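A.B. asks: can't give you the sequence, but here's the structure:
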Ligand SMILES: NC(=O)c1ccc[n+]([C@@H]2O[C@H](COP(=O)([O-])OP(=O)(O)OC[C@H]3O[C@@H](n4cnc5c(N)ncnc54)[C@H](O)[C@@H]3O)[C@@H](O)[C@H]2O)c1
């Protein structure tokens with residue numbers, strides 16, 4: 001098993017990509033903390049992992065709130081004794097063209113994606129630095145981090161990951177970003193009718209002509225695809241793979 005004896009915190013792991021990544025890590029032997037706003041759904045994620053023989057713990061956490069993040073990380077340390085892997089995955093989707101983005105919505109999105117990434121990183125780093133084992137930090141970006149996409153201005157995580165990679169290197173801490181294409185999670189399932197409304201086209205047209213238009217095969221990326229990349233970043237043994245962002249999108253964006 002690739003993550004035997006390792007401890008991971010996955011934020012936003014009550015649903016979608018985070019839920020599957022947590023389950024995959026647990027299958028590879030990691031003890032996994034499911035950190036999410038939605039504690040009831042986090043508990044069900046934990047039950048699913050335990051039912052398949054894994055070790056997991058739910059933690060109520062709002063990644064935008066300093067005290068909530070610090071308390072949540074402290075609870076994980078108390079329960080598991082350390083943190084080797086952070087997956088900063090909690091996120092939401094607000095789609096608007098720039099001129100229609102309200103400052104309030106902009107701040108809400110940035111606070112989950114960027115403040116959340118910063119606060120969870122800051123809370124975990126001292127434990128990774130102090131353990132003598134290093135660590136792996138994985139940020140959930142998007143193809144939109146690389147590909148200019150209308151309605152999706154606030155996707156800006158890659159710079160933070162590169163700085164964490166530079167600062168963390170001497171402690172064996174690596175930082176990388178996963179940039180998925182569209183994955184059928186609740187977040188995307190909500191977005192399909194929204195975009196159909198906004199663009200005045202059918203839901204099938206949103207899927208075919210907007211979401212999957214530039215993929216090589218018209219296929220959605222899956223939670224399994226993304227978890228496989230997360231496992232690669234989490235289990236990679238050296239600083240050779242750090243400061244990178246890997247696109248997993250059926251060829252939508254090629255770098
Ligand atoms: N689904 C896709 O196609 C896709 C593609 C690229 C990137 N992403 C990114 O992947 C991440 C996960 O998306 P998903 O599709 O699994 O979404 P999802 O809606 O299924 O799950 C998101 C989870 O994050 C949690 N969350 C939201 N705000 C939070 C907060 N402040 N504190 C703690 N938890 C919070 C929610 O409760 C939920 O459990 C997001 O960052 C998203 O932007 C998704």
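C.D. replies: Okay, I see it. Source: prediction; values computed, not measured.

A.B. asks: Residue 43: which element?
C.D. replies: Element membership for residue 43 (DSSP states H and E) is helix 39-51.

A.B. asks: ok, now residue 56?
C.D. replies: If you go by DSSP H and E, residue 56 is part of strand 55-60.

A.B. asks: quick one: that strand to helix 39-51, angle?
C.D. replies: 180 degrees (axes from the mean of the first three to the mean of the last three Cα atoms, to 10 degrees).

A.B. asks: Which is the succeeding secondary structure element to strand 55-60?
C.D. replies: Strand 55-60 is succeeded, C-terminally, by helix 66-80 (DSSP H and E).

A.B. asks: for the record, mean pLDDT for that following helix?
C.D. replies: On average, the pLDDT along helix 66-80 is 98.

A.B. asks: still on that earlier bit, outside of the strand holding residue 56, which residues touch it?
C.D. replies: For strand 55-60, the surrounding residues in contact (Cβ atoms under 8 Å, 6 or more residues apart in numbering) are 9, 22, 26, 30-37, 39, 42-43, 45-46, 49-50, 68, 72, 75-76, 79-80. (Glycine included, C-beta is placed from N, CA and C.)

A.B. asks: Stretch 123-135 now?
C.D. replies: Here stretch 123-135 has contacts from 9, 69-70, 72-73, 77, 82-86, 137, 164, 168, 171-174, using Cβ under 8 Å, 6+ apart.

A.B. asks: got the phi/psi numbers for the spatially most central residue of the chain?
C.D. replies: The centroid of the chain falls nearest to residue 89 when counting by Cα atoms, centre = their mean (2.1 Å). Taking degrees, to the nearest 10, you get phi -120, psi -20 for the backbone angles of residue 89.

A.B. asks: coming back round to it: could you give me the ChimeraX selection string for whichever of the contacts of strand 55-60 are buried?
C.D. replies: Buried residues within the contacts of strand 55-60, by 16 or more other Cβ atoms under 10 Å, are selected in ChimeraX with:
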select :9,22,26,30,31,32,33,34,35,36,37,42,43,45,46,49,68,72,75,76,80
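
A.B. asks: filter the contacts of strand 55-60 down to the ones close to the ligand.
C.D. replies: 36-37 (Cβ under 6 Å from any ligand atom).

A.B. asks: May I have the strands that pair with the lengthiest strand in the chain, each with its orientation?
C.D. replies: Secondary structure of the chain per DSSP state E: the longest strand is strand 173-180. In the sheet, strand 173-180 lines up against strand 135-140 (parallel), strand 245-248 (parallel) (DSSP bridges).

A.B. asks: Pop out the phi and psi values for the closest residue to residue 235 other than its chain neighbours.
C.D. replies: Leaving out its chain neighbours, the residue that sits closest to residue 235 by Cβ to Cβ, 6 or more residues apart in numbering is residue 2, at 4.1 Å. Phi and psi for residue 2, reported as degrees, to the nearest 10, are phi -80, psi -20.

A.B. asks: can you tell me how far residue 2 sits from residue 16?
C.D. replies: Distance, residue 2 to residue 16, by Cβ to Cβ, to the nearest Å: 22 Å.

A.B. asks: same question, residue 213
C.D. replies: Residue 213 sits 22 Å away from residue 16, going by Cβ to Cβ.

A.B. asks: just residue 181 next, same as before
C.D. replies: 14 Å.
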